[in-house]
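Asker: Pasting the sequence and the predicted model now:
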Amino acid sequence: MPTPSSDKTLLLIGASRGLGYALAVEYLQRGWRVVATERAGSRSRLHDLAEASDGRLEVETVDINDPVLVGALRARLSSWTFDLLFINAGVTNNPRETIAEVATQEFIRVMVTNALSPMRVLESLQDLVVPTGTLGIMSSGQGSVADNEAGSREVYRASKAALNTLMRSFAARHRDDPRAMLLIAPGWVRTDMGGPEGRLSIEESIPKVADTIDAQSGKAGLQYLDYLGRTVRW
């Protein structure tokens with residue numbers, strides 16, 4: 001079982017269900033204090049988790065695709081400092097739809113939600129993270145250009161590759177930043193988004209994701225890692 005820490009704090013963006021919710025549970029079990037977000041009006045399981053957390057979980061609302069709401073969240077959290085900012089929000093689309101078939105608006109929806117918005121959130125909230133802290137985003141092994149030998153899921157792959165590229169640009173602009181920066185590939189997990197054929201259960205993925213994140217604490221610079229801590233090819 002994880003050994004509870006004491007005074008660590010996590011800001012977790014996108015935690016109403018699936019991998020995000022599991023990360024909130026995992027870090028509470030590790031003794032962290034967590035601020036986790038959902039979209040307004042969703043009334044997710046986070047509220048029940050908060051009620052059972054002895055005050056260690058606070059639920060906030062934000063739509064990452066709305067810069068005004070992201071700015072409002074930043075203002076509400078202005079008195080906080082965090083050891084870890086982790087952004088988990090993302091969407092998928094019809095996995096069989098090729099780039100020749102996808103509607104322009106659908107392409108824009110996936111790209112904005114998976115690449116543009118997470119980076120805007122990172123830009124807005126990163127100054128809440130202490131110099132010894134970690135900035136992380138949930139990516140995917142399907143964001144690897146080098147490993148894309150099978151094709152499929154073209155729009156989703158492109159969105160995660162774009163996210164990875166934007167994160168590399170962020171790291172280049174902040175090359176003197178002492179904080180760890182992470183892109184995490186959690187594996188193919190059986191969730192609403194990953195589908196029932198996923199190779200891993202949430203219980204097989206998320207504790208190892210948290211282990212991998214925690215193991216990088218204090219290591220400056222950007223890494224693209226899978227849930228077992230192995231480097232993923234760009």
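Answerer: Structure received.
Asker: Can you say which helix or strand has the residue sitting furthest away from the middle of the chain in it?
Answerer: Distance from the C-alpha centroid of the chain, by Cα atoms, centre = their mean, peaks at residue 100 (28.8 Å). Assigned by DSSP states H and E, residue 100 falls within no helix or strand.
Asker: who touches it in this structure?
Answerer: Residues near residue 100 by Cβ atoms under 8 Å, 6 or more residues apart in numbering: none. Any C-beta I mention is one placed from the backbone N, CA and C, and that applies to glycine too.
Asker: and it, how far is that from residue 113?
Answerer: 22 Å (Cβ to Cβ, to the nearest Å).
Asker: thinking again about what came up before, please report phi then psi for the residue farthest from the centre of the chain.
Answerer: phi -80, psi -20 (degrees, to the nearest 10).
Asker: Kindly report the same for residue 164.
Answerer: phi -60, psi -40.
Asker: what number of residues lie near it?
Answerer: Here the number of neighbours of residue 164 (other Cβ atoms under 10 Å) works out to 23.
Asker: Could you do residue 221 as well?
Answerer: Residue 221 has 14 nearby residues by other Cβ under 10 Å.
Asker: I figured it hits residue 182, correct?
Answerer: No. Judged on Cβ atoms under 8 Å, residue 221 makes no contact with residue 182 at a distance of 9.9 Å.
Asker: helix, strand or coil for residue 137?
Answerer: Put simply, residue 137 is strand when judged by DSSP: H, G, I helix; E, B strand; the rest coil.
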